[in-house]
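**Q** Sequence and computational prediction follow.
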Amino acid sequence: MENNNEPLNPLTDSLHCLEKDFEAKKENVPKMLGMIGDFSDEHGLPMDFSTKLVIVGDELISNIIKHGYEEGEGIIKLRLLFDGDTRDFTIVVIDKAKPFNQLGVENPDIGTAETLNRIGGLGIHIVKKIMDECSYERKEDMNILTLKKKF
């Protein structure tokens, strides 16, 4: 007889997904970042990996609230996926704000004083450096950011 009561191994059991809608407000950013941190912790991912994912989430979500919705009302859907087989972690951020491709910001020349004194653009540069894959699409009046990182 097979024992079906054994606990799942979060690093080897295939695809895990969590999705939630949040109001696009500054005060909800900690809840969204907590969702990312808790999800990665639940799946046994190391603290440094989880911290990087939270940094990425903070940058993307803050930009959507500030520039996409321009601090007006709206919803941000956060979808997290972890594939225990391929060891891929995916963050999908979906909103219905105005068309806004944060990934389209040019990478700054980090070595210049002008860049170091500049406001904006460095966060997305960090996101692109942390993640293995970053993509944006505008579909059915939605901005869809998909970011992947292999664990």
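**A** Received it, and whenever you're ready, just let me know what you need.

**Q** which stretches of the protein form helices?
**A** Under the criterion DSSP state H, helices of the chain are mapped to 29-42, 47-63, 113-117, 122-130.

**Q** Now the weakest link among those, please, by mean pLDDT.
**A** By mean pLDDT, the lowest-scoring of those turns out to be helix 113-117, with a mean of 51.

**Q** hang on, the earlier thing: need the helices of the chain in a markdown table (columns: distance to residue 98 and mean neighbour count).
**A** Every residue, glycine included, has its C-beta placed from N, CA and C. What follows is those, written out as a markdown table (distance: least, C-beta to C-beta, whole Å; neighbours: other C-beta atoms under 10 Å):
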| stretch | distance to residue 98 | mean neighbour count |
| --- | --- | --- |
| helix 29-42 | 20 | 17 |
| helix 47-63 | 13 | 18 |
| helix 113-117 | 27 | 9 |
| helix 122-130 | 17 | 17 |
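
**Q** now for these, which one comes closest to residue 84?
**A** Of all these, the one in closest proximity to residue 84, counting by C-beta to C-beta, is helix 29-42 (11.9 Å).

**Q** Can you list the helices and strands that the closest one packs against?
**A** Counting contacts by 3 or more C-beta pairs under 8 Å, 6 or more residues apart in numbering; DSSP states H and E, the secondary-structure elements packed against helix 29-42 are strand 15-23, helix 47-63, strand 75-83.

**Q** Would you reformat the ones you listed as TSV and include distance to residue 144?
**A** Supplementary listing: the helices and strands packed on helix 29-42 in TSV, determined by distance: least, C-beta to C-beta, whole Å:
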stretch	distance to residue 144
strand 15-23	13
helix 47-63	12
strand 75-83	9
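
**Q** low-confidence ranges in the chain?
**A** By pLDDT under 70, the weakly predicted segments of the chain are 1-13, 106-121.

**Q** Surely residue 39 is in contact with residue 82?
**A** Yes. Residue 39 sits in contact with residue 82 when judged by C-beta atoms under 8 Å, with a separation of 7.3 Å.
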